[in-house]
Every structure is written in C-alpha cells, then in structure tokens.
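Peer 1: Everything below, folded, please.
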Amino acid sequence: MLLLACGGGLVAAARAATDAAPAIALFNDSHFHLTNYVQNGPEAQQFLRMVGPKVGRVAMFGIPLQQEWSHDVSGDFAPTYYLQSDAPLYYYSFTDAHIALAYRSLSKADQARIDPMITGFNPADMYAADHIRRVLEDFPDVFSGIGEFSIHKEFVSGKIAGGAPSLLNPALDRILDFAGEVGLVVLIHNDIDVPFAKATDRPTYLADLEAVFKRHPRTTIIWAHLGLGRVVRPVEQQGEIVSRLLDDPQLAHLNFDISWNEVAKYLYRDADTPRTIARVAAVINRHSDRFLFGTDEVAPTTAKQYYSLYEQYAPLWAALTPEAREKTLKGNYARLFDAARGRVRAWEHSHRLSAPTP
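Peer 2: Numbering: from 1, shown residues only. Modelled structure (predicted):
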C-alpha cells in the first residue's frame, strides 16, 4: 500500500510537469542532442536561455558514440562529425553522467521542462541493461527514458569499434525487457533499409525490426525518423508500411517521431510535394495519438538553427487537423513522458525501499 500511495503521488507529480511547459510553447521536442560526436555542446541552462519559451519540454540526451581523433588518419584536423574521418567511433558511457549533472544544475522549474534519456550503452553488449540500471541507481529522480540509440544506421554502424549491433542480438531484447519493466520510454534509430536501395525493393530491416517490436508489448517505443535517413529514402510503400504497423493491435505500444532535417527533405524532393504532404498528413490525422515531433538538433549554437526544422514543416502542420497538430506537437509527448516519469520514479522508489540497510 505504501508503494501504491507513493507511486500514485509520483504519477501525479509527473503529470503536473505538463503545466511547467511555457504556455506559449510551439512544441515539445521528443528528440534533442545536447552534445555532439566529440561530447561538446551548450550548457543546459545556456540552451534553455537560447531557445526561450517557444519550446515546452525537451527529451534531452547526448551522443552515445565518440568520434576518435586518429592523428594517423586526419593529422592535425580534429573531426567533430562521423562523416569527417575514417577513424572509428566508440561508445562513450560518460555521456549519461554528463546529462544527469546538466539536469541537476537546473532550477526545479527548468528541470520540469527536461526529460533526460540514457544513451551511453552498447546495444550489442549483454551488460547494456546493467549499465542502464546502474545509471538509474546512481542518478535517481533524473531519467525518463533510453535513447536515442542506434542499431542499423547508415555510415555509422560500420564505423563502430568492435563491430555493429544487430536486431538479432539478444542484448537488444534484454534492454527492451528492462525498459518495459521500469517504464522507460525507448527512442530507437533503425533504418528501414540499406543506403541507396531501390525504392521498389523489400526493406532489408523491416521484418526483423517488426519482430523486435512485437516481442516487447510492455515497452513504450518511439521509432526515430520513421526509419529514414540521409540516404535511406522512403520505400515505394512507405506510407502503406507505416499505416499497417499503426493498424496492428500487437503494435499499440509503437510510436513514430518525425525528426531530422535530412528526413524532412523527402517532403519537398520533387514536383509532387503537395500530394506527398497530403499523404503524410492523412496518415498522421488518422493515427494522431502515435506521432511526435522532434528537432534532432545536435549541440545547436543559435535559436534559428534549433527552430529551423519546425519552420520547415510548416506546410505539414497546416495540413493536419487541429487535434492531430496539437497531439503531434505537444500532447503525445506529454502523455508518454508523464507516464514514464511516474513509472520510473515509482520503480526507483520501490528499489530504494527494498535495498538492504547499510
């Protein structure tokens, strides 16, 4: 009964966080990287001052991969992005501590606007779930989810020291099982297909990814970018595939974020833009509870940079119904992350109560 009472209070407190978002906010951001591929970026308070009140709440995380600066490869040139060097990427677990400390540096009012995410783990490692548990134990009352983490990602997966992760690796199931137990929101990047594939080909990764989703019905999952990327283009049946997944009762826990300017370009790639926007809007309008907007900005330096994707999507926002627009931009974020805050805080509390007294 004590746990139930505490859990209920925590859920109520989490839901009250919605009121902390500025009333004039344009959107809540489901996908934001405070730091870049060499772990640099603005301070959390500096970021909030820079973007002002036009953003409400933000799912904040670092980059789980560090770009190695190999002098043998690039000499005195210090790469800051994964496309700037042939040197490998490696997992940088300290990113989670950095995000936790950044969050704790904020005032209570500003903390209410931020939902930190755990991302500094190797999803090919059977110990990854233990890392997530350890972060929750060391930084209680901080995190709401895990991600963004990647399995198959164009140009990235092949650069990872030690080898690429896989949808077939049981380490991924262990991660998703634990996230479901705790209540953590999961933000996962997995391309729907290989780079430069023909639009008419069957998507390479779809069947295995769908199987992963179905094995974890208790876990709230957000599939980043609808499976698209810089050169992973929409397949011919992209809309039909997304609609089929949304209609599947076994995938009621699956959500999609529309993020990243490299994905937004597919709305405007040809003369058929109005029809493309109408098709995308029709899917979102029909499934208005399942889409979230994220900027996918990485360590922005100006408010103009941060808000550019929201402005780029203006024709899409205009094509949505008022209800679908409100849910995609604000409501779905608040619903999913309020629930996660409540569940994760309750899990942390119960495990603190059950821990042996020193």
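Peer 1: In the stretch 251-358 of the chain, where is pLDDT below threshold?
Peer 2: 270-271, 353-358 (pLDDT under 70).
Peer 1: which residues of it fall in strands?
Peer 2: 254-258, 291-293, 297-298 (DSSP state E, counting those that start in this stretch).
Peer 1: what sits up against the shortest one?
Peer 2: Residues from elsewhere that reach strand 297-298, judged by CB atoms under 8 Å, 6 or more residues apart in numbering: Phe32, His33, Thr35, Asn36, Tyr37, Gly41, Ile63, Gln305, Tyr306, Leu309. C-betas here are computed from N, CA, C, even on glycine.
Peer 1: Let's see that with 10 Å instead.
Peer 2: Applying CB atoms under 10 Å, 6 or more residues apart in numbering, the contact partners of strand 297-298 are 29, 31-37, 41, 47, 51, 62-63, 80-81, 259-261, 305-309.
Peer 1: isn't there a helix covering Arg57?
Peer 2: No - Arg57 is assigned strand when assessed by DSSP: H, G, I helix; E, B strand; the rest coil, not a helix.
Peer 1: Just the element for the nearest residue to it once chain neighbours are set aside, please.
Peer 2: Nearest residue to Arg57 in three dimensions, chain neighbours excluded: Asn28, at 4.4 Å (CB to CB, 6 or more residues apart in numbering). Following DSSP states H and E, one finds Asn28 within strand 27-33.
Peer 1: Direction included, what does that strand pair up with?
Peer 2: Strand 27-33 pairs in its sheet with strand 55-61 (parallel), strand 297-298 (parallel), by DSSP bridges.
Peer 1: Please work out which of those is packed deepest.
Peer 2: strand 55-61 (a mean of 25; mean count of other CB atoms under 10 Å).
Peer 1: Could you point out the helix or strand that follows that strand?
Peer 2: strand 65-67.
Peer 1: In PDB, list the C-alpha atoms belonging to stretch 58-75.
Peer 2: Coordinates of each C-alpha in stretch 58-75 appear next as PDB, following Å, rounded to 0.1, in the frame of the first residue of the first chain:
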ATOM      1  CA  VAL A  58      12.600  18.500 -24.200                       C
ATOM      2  CA  ALA A  59      13.800  14.900 -24.300                       C
ATOM      3  CA  MET A  60      17.500  15.600 -23.800                       C
ATOM      4  CA  PHE A  61      20.400  13.300 -24.300                       C
ATOM      5  CA  GLY A  62      24.000  13.200 -25.600                       C
ATOM      6  CA  ILE A  63      25.500  11.200 -28.300                       C
ATOM      7  CA  PRO A  64      26.400   7.600 -27.300                       C
ATOM      8  CA  LEU A  65      29.300   7.400 -29.800                       C
ATOM      9  CA  GLN A  66      32.500   9.400 -29.700                       C
ATOM     10  CA  GLN A  67      34.400  10.100 -32.900                       C
ATOM     11  CA  GLU A  68      38.000   9.100 -32.400                       C
ATOM     12  CA  TRP A  69      40.700  11.700 -33.400                       C
ATOM     13  CA  SER A  70      43.300   9.500 -35.000                       C
ATOM     14  CA  HIS A  71      46.400  11.500 -36.000                       C
ATOM     15  CA  ASP A  72      47.300   8.700 -38.400                       C
ATOM     16  CA  VAL A  73      44.100   9.300 -40.300                       C
ATOM     17  CA  SER A  74      43.400  13.100 -40.200                       C
ATOM     18  CA  GLY A  75      46.600  14.600 -38.800                       C
END
